[in-house]
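Participant: What follows is a protein structure lacking sequence information:
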C-alpha cells in the first residue's frame, strides 16, 4: 500500500493518466524546455524531528524546503520580488514519496521572483513519513531515515536538481541544515545530508528527484537501566537455588518459576517497542538466552531434588557447587555475545 499510493499519484499527474478523465488546464511550459533540463537548486532546513517509531516504522518531522530556478518569463522591472500564484507559473510540483500520512504545508503557496527572473518557492512541511528500520541491533541500533522528493511527470532530463549554491556557502552541507536542539529524546541525530537520485516509478521510468538522509543513533540508556539490568538481577536471583538445600524442593521451585515468569513478562514489554520481525534483535537474543539458563536452573532443581530424595544428598550438593560457577560464567559469556551482536548477522536494509 505504501508503494501503490505514491505510484497512483504519479500516474494521475503524468501524461499517461486515464484519457477519459476530465481534461486539466495545460501546465505552463518549463523554462528552457528547448535547451535541456531546467536547473533547480534545493535547500532543506530540518527544524525538528519529533518521533522515530520503531513499531510503526515511521518518523515525524517538520522542515522548510526551498527550491530555486531561473525563469526569464518572470523577470520584471523591480525593485523588489514579485509574488506569483502556483497555478499561474511553472514550478517543480513535488511530492514526498515516503509520506505515510498527508503532510501539512503551513506557508502560502506562492513563488517569489526577483527582477532577473530568479524564482524561489518556500514551504514549511510537517508530516509523518514511512521508513523501514533495521532493528537487528535493537536497542543499540543506528538508522538512516530518509525523505524522498519526487516531481511527478518529470524525468531527470527535464529537471536537474542540485544543492542550492547559496545554502552551501552559508554552511548547509549538501544544501541541508539541521537545528541544534530537537524534540527527539530517545535518539541522537548525528548528521543530515542529501543525494540527487532519480525516483524509480516503474522498471523503465525514472522521475526527477532528490533524497534527504538523516543519520540517527538510538539512546539505549532507558533499555539498559529499565530492562537489561533488572533482567540480569532476575537471572542472578535464579542462582539462589544452588545454595538452597536440595531437599527443600518447594522453595527451589518457587524461585526458578518466579524468575521464568518474570522473563516472559519482560518479553511482552519489549514486543510493544518493535514490530513483528522475522529475525531476533539483540535484546530478544539476550532474553532468550536468559530464559534458557533459568529453565536449566529449574531442570537442575528437579535433578538434585530427585537425588536428595533417594539418599544421594552428597551428589546433589556436588552438582549445586559446580553450578554456582558454571551458570555465572555461561551467563556472562552469553550476555557479551548477544548484546554485542556476535550471535547475529545483518538485518534487512
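Facilitator: That came through fine. Everything quoted here is computed from the prediction, not taken from an experiment.

Participant: measure stretch 211-230 end to end?
Facilitator: 41 Å (C-alpha to C-alpha, to the nearest Å).

Participant: who touches it?
Facilitator: Stretch 211-230 has contacts (C-beta atoms under 8 Å, 6 or more residues apart in numbering) with 44, 46, 49, 52, 138-149, 176, 178, 184-197, 266, 269-270, 283, 286, 339. C-betas here are computed from N, CA, C, even on glycine.

Participant: which of the residues in stretch 209-223 are buried?
Facilitator: Using 16 or more other C-beta atoms under 10 Å as the test for burial, stretch 209-223 gives 209-214, 216, 218, 220, 223.

Participant: Tell me which of the contacts of stretch 211-230 fall in helices.
Facilitator: Members of the contacts of stretch 211-230 lying in helices (criterion: DSSP state H): 266, 269-270, 283, 286, 339.

Participant: Quick one: which of the residues you listed is the most crowded by neighbours?
Facilitator: Ranked by neighbour count (other C-beta atoms under 10 Å), those have residue 283 at the top, with 25 neighbours.

Participant: hang on, that residue packs against residue 136?
Facilitator: No - using C-beta atoms under 8 Å, residue 283 is not in contact with residue 136; the gap is 10.6 Å.

Participant: Now do the shared contacts for those two.
Facilitator: Joint contacts of residue 283 and residue 136 (C-beta under 8 Å, 6+ apart) do not exist.

Participant: quick one, helices of the stretch 51-200 of the chain?
Facilitator: 165-169 (DSSP state H, counting those that start in this stretch).

Participant: Pull the number of nearby residues for residue 147.
Facilitator: 25.

Participant: element containing the residue lying closest to it once chain neighbours are set aside?
Facilitator: Of all residues not flanking residue 147 in the chain, residue 212 sits nearest, at 4.5 Å (C-beta to C-beta, 6 or more residues apart in numbering). Assigning secondary structure by DSSP states H and E places residue 212 in strand 209-218.

Participant: ok, now residue 333?
Facilitator: helix 313-339.

Participant: Tell me which residues touch the most centrally placed residue in the chain, please.
Facilitator: Geometric centre of the chain, nearest residue: residue 133, 4.5 Å, by C-alpha atoms, centre = their mean. For residue 133, the contact set (C-beta under 8 Å, 6+ apart) comprises 52, 54, 57, 141, 143.

Participant: What distance do you get for it to residue 160?
Facilitator: Separation of residue 133 from residue 160 (C-beta to C-beta, to the nearest Å) stands at 32 Å.

Participant: what do you get for residue 327?
Facilitator: For residue 327, the distance to residue 160 - C-beta to C-beta - is 64 Å.

Participant: TSV for the buried residues of stretch 209-223, including distance to residue 165 and pLDDT?
Facilitator: TSV is the format used below for the buried residues of stretch 209-223 (distance: C-beta to C-beta, whole Å; pLDDT from 0 to 100):
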residue	distance to residue 165	pLDDT
209	20	95
210	15	97
211	19	96
212	18	96
213	20	96
214	22	96
216	28	95
218	35	94
220	40	90
223	44	88
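
Participant: This completes my enquiry, with thanks.
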